[in-house]
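Asks: Make a model of this:
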Amino acid sequence: MYFKNKLIILTTIRFIYKPNEKTELIVLDMNLDEEKMRDQITAALKKKISGDVAVNLISGSGKEHMALLGALTKCGVGIRFVTSTEQGIKEL
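Replies: Okay, the predicted model is just below:
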């Protein structure tokens, strides 16, 4: 997800990645049901995002996608879908 030139990565596994000032990593608990996962994402994002966010759902499960979309709705933000291309990020 992109917001104000910052990349927020939601993942279910902690991998070797050193975020910089423009990147944040949020690790989700896959043992949670969709509603609790939505609440976990909402709590992590609520004070960090506003307006519109750019979302890429290219990987992940339906459970993660539903929880993310539910969380973004609860946060009251607009959603733009984007994809990564050789030319950079493009809105769909």
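Asks: longest helix of this structure?
Replies: helix 62-75 (DSSP state H).
Asks: same for the longest strand along the chain, what does it pack against?
Replies: The residue-count maximum for a strand in the chain (DSSP state E) belongs to strand 78-85. Helices and strands touching strand 78-85, by 3 or more CB pairs under 8 Å, 6 or more residues apart in numbering; DSSP states H and E, are strand 52-55, strand 88-91. For the C-beta atoms, the positions are set from N, CA and C on the backbone; glycine is no exception.
Asks: Kindly recompute the last result at 10 Å.
Replies: strand 52-55, helix 62-75, strand 88-91 (3 or more CB pairs under 10 Å, 6 or more residues apart in numbering; DSSP states H and E).
Asks: Tell me how far that strand lies from the chain's centre.
Replies: How far strand 78-85 lies from its chain's middle: 11 Å, per CA atoms, centre = their mean, to the nearest Å.
Asks: The closest residue to residue 84 other than its chain neighbours: neighbour count?
Replies: Of all residues beyond its chain neighbours, the one nearest residue 84 is residue 56 (6.7 Å), with distances taken as CB to CB, 6 or more residues apart in numbering. Other residues within reach of residue 56, judged by other CB atoms under 10 Å, total 15.
Asks: For residue 56, give me the pLDDT.
Replies: pLDDT for residue 56: 93.
Asks: swap in residue 14?
Replies: In this model, residue 14 is scored at 68, pLDDT.
Asks: next one: residue 10
Replies: For residue 10, the pLDDT comes out at 86.
Asks: which strand residues sit across from it in the sheet?
Replies: Assessed by DSSP bridges, residue 10 has beta-bridge partners residue 26.
Asks: sorry, back to before: between strand 78-85 and the longest helix of the chain, find me the angle.
Replies: 140 degrees (axes from the mean of the first three to the mean of the last three CA atoms, to 10 degrees).
Asks: residues of helix 62-75 that come out buried?
Replies: 64, 67, 68, 70, 71, 72, 75 (16 or more other CB atoms under 10 Å).
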